[in-house]
Structure formats: structure tokens, C-alpha cells
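Student: Build me a structure from this.
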Amino acid sequence: MSVPLLFGPYGSGQLPANIKDYGVNARWFHGFNEESFAACAEQKLEACVEFKTFRADFEEHPKLIPIGADGKPIRYGRLVQGICLSQKDYLAEIEEQLLAGMKQFKPGGIWLDYLTYAGWFETSQPDLQESCFCRDCIADFCDFADVDARTPKEILTGYPEEWTNYKCRKIAGLALHYSKLIKAVNPDCVVGAYMCPWTPDEFNGALTRIFAQHYDWLAYDFVVYTPIIYCSKSGRSPGWGRW
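Tutor: Next comes the predicted model:
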């Protein structure tokens, strides 16, 4: 597979007229922003879209709040990602937004963001909560794993590995679905994903256990992984990304 080498900044601000003199051939920006696409066309840069998937305003959409291990909606602050993935109407809205943007524009790349279960990893002391244990998600898990479990406690004590695998397969399945939608409209579009930057063993395996991002299982969907390495936010040293 031949993947084009894309190099450039993120953001919607104005770029210098001679930006291509520095080897820049692309720029990344949030959403299907018409002005950003026009700016890319003017400077002959590939337009790369950061597309929001599983992040929403919980105050506006309380039904999307995942259910925690205590049977109540999870704790959340100003920053949180991940929704209850049994909310099919909202998933349909995400798909409609993606398809509409792909049909209106021709991006050089799409990077799926917030493609995880609930949490927030851009902090030095993350509040890691198991989710989602709503009635529909529990029923879906039982069908997937062929087990009989009715409560979060039964699942986490009796089937922790199966629960993690279920969540990872759920994310990977949706990722594959979105990737196919993108490729059906524009086969040349590079499909990437923004990833939790932790190693598999950090925070007791939270990369898969909490966020459900399994690199191997997502490899069928994406050609580019982009770990979100924010040293200051994450309380890490500047050399952290080197690893």
C-alpha cells in the first residue's frame, strides 16, 4: 500500500504565502470547514479533516452519558470523550455528518477523533471509569460473549477479559464501518485515527480496558495512527514522545 507523505500544521489560522517552501503539503483542521478547504485549495495543500466521532455535549444530550460500574451516569467535567454506543440515533447522526462532508468536499485525509469509550487521557491524573453498563450495552455484551450477566459487578468480576474484548471489538467495528464509508466516496482519501498515547500496560491496561483502542484490531481500518502526545497536559517530560 502506497501512503502519501503528508506534512503540515494543524489549525484554521492563516498560513504564510511561502509555506510550501518549508516542505508543507497539507494542513489539518477541525470538521468540514468550508473556509479551511478554500484556503487549502488556494495554497495547493491537501486538506485533512479531524472528524469528531464519540464526543458530545452531555448537558445537551444526557442520554448519551455512559453508565458506570455503580449503575449511575459516569462522572464528567468540562472535558470528556466517549458516549453510550447503544444510542443508535446519535450514531446515525455521526454517519450522516461524515457522509455529507465527504460528498461536499474532497479531503486528502480524514482523521477520526474521540474514537474511544468514555474518559479523558490528556491529563496527568486521569479519572478512569469503567463504562458503559446501560441495559442495552449489557445485553449486547452477553450476546457477543455468550454469557449470562446482569450487573456491572458480575461482568467485571466474572468476565473482565471478555468485557474488554467486547469493547475493543465494538470500537474496531465502528472504525471499519466509517473507513468503508470514506473509501466508498473517495478511495484515495487517507484514513487515520487519533489515539490514546499510553503504552498497553499503563494505568492497568487502560488503553484497551478503558478506552478500547486495540492497535492490532484497528489495523484493518486505518493506514495512519496519530497518538495524542501532549507533554504539558499529560504531565510528561519533553522526551516522552521519543518512546
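Student: ok, and for the lengthiest helix in the chain, which residues are buried?
Tutor: Across the chain, the longest stretch assigned as helix under DSSP state H is helix 160-185. Under the neighbour-count criterion of 16 or more other C-beta atoms under 10 Å, helix 160-185 has 162-168, 170-172, 174-175, 178-179, 182 buried. Heads up, the C-betas are built off the backbone N, CA and C, glycines and all.
Student: Show me what it is packed against.
Tutor: helix 88-104, strand 109-113, helix 135-145, strand 190-195, helix 202-209, helix 215-218 (3 or more C-beta pairs under 8 Å, 6 or more residues apart in numbering; DSSP states H and E).
Student: what about that helix, average pLDDT?
Tutor: For helix 160-185, the mean pLDDT works out to 96.
Student: Could you report the distance from the nearest residue to V80 once chain neighbours are set aside to P16?
Tutor: Once flanking residues are discounted, V80 sits nearest to W120: 5.5 Å by C-beta to C-beta, 6 or more residues apart in numbering. According to C-beta to C-beta, to the nearest Å, W120 and P16 sit 34 Å apart.
Student: Just want to know which of these two has more residues nearby.
Tutor: More neighbours surround W120 than the other of W120 and P16, with 21 against 10 (other C-beta atoms under 10 Å).
Student: Residue nearest the middle of this protein, spatially speaking?
Tutor: L115 (2.0 Å; C-alpha atoms, centre = their mean).
Student: Go ahead and confirm it touches Y194.
Tutor: Yes. In this structure L115 lies within contact range of Y194 using C-beta atoms under 8 Å: 7.4 Å.
Student: remind me which residues of the protein are low pLDDT?
Tutor: Regions of the chain meeting the criterion pLDDT under 70 cover residues 1, 243.
Student: again, 80 this time
Tutor: Applying pLDDT under 80 to the chain flags residues 1-4, 12, 220-223, 240-243.
Student: For Y22, see how far away the residue nearest to V80 is.
Tutor: Distance, W120 to Y22, using C-beta to C-beta: 33 Å.
Student: check contacts around Y114.
Tutor: Residues in contact with Y114 (C-beta atoms under 8 Å, 6 or more residues apart in numbering) are K52, T53, F54, R55, Q81, G82, Y194.
Student: How much space separates the residue lying closest to the fourth one once chain neighbours are set aside from A17?
Tutor: If you skip the residues right next to it in sequence, R55 has Y114 as its closest partner in space, 3.9 Å away by C-beta to C-beta, 6+ apart. Taken as C-beta to C-beta, the spacing of Y114 relative to A17 amounts to 34 Å.
Student: again with Y178
Tutor: 35 Å.
Student: related to what we said a few turns ago, quick one, what contacts the residue nearest to V80?
Tutor: G77, L79, V80, Q81, P126, D127 are the contacts of W120 under C-beta under 8 Å, 6+ apart.
Student: Make sure E50 is indeed in a helix.
Tutor: No. Using DSSP: H, G, I helix; E, B strand; the rest coil, the assignment for E50 is strand, not a helix.
Student: what pairs with it across the strands?
Tutor: With DSSP bridges applied, E50 shows beta-bridge pairing to H30, W111.
Student: correct me, but it touches R27?
Tutor: No. E50 is beyond contact range of R27, at 10.9 Å (criterion: C-beta under 8 Å).
Student: ok, these two, which is more surrounded?
Tutor: Comparing E50 with R27 by other C-beta under 10 Å, the one with more neighbours is R27, at 24 against 19.
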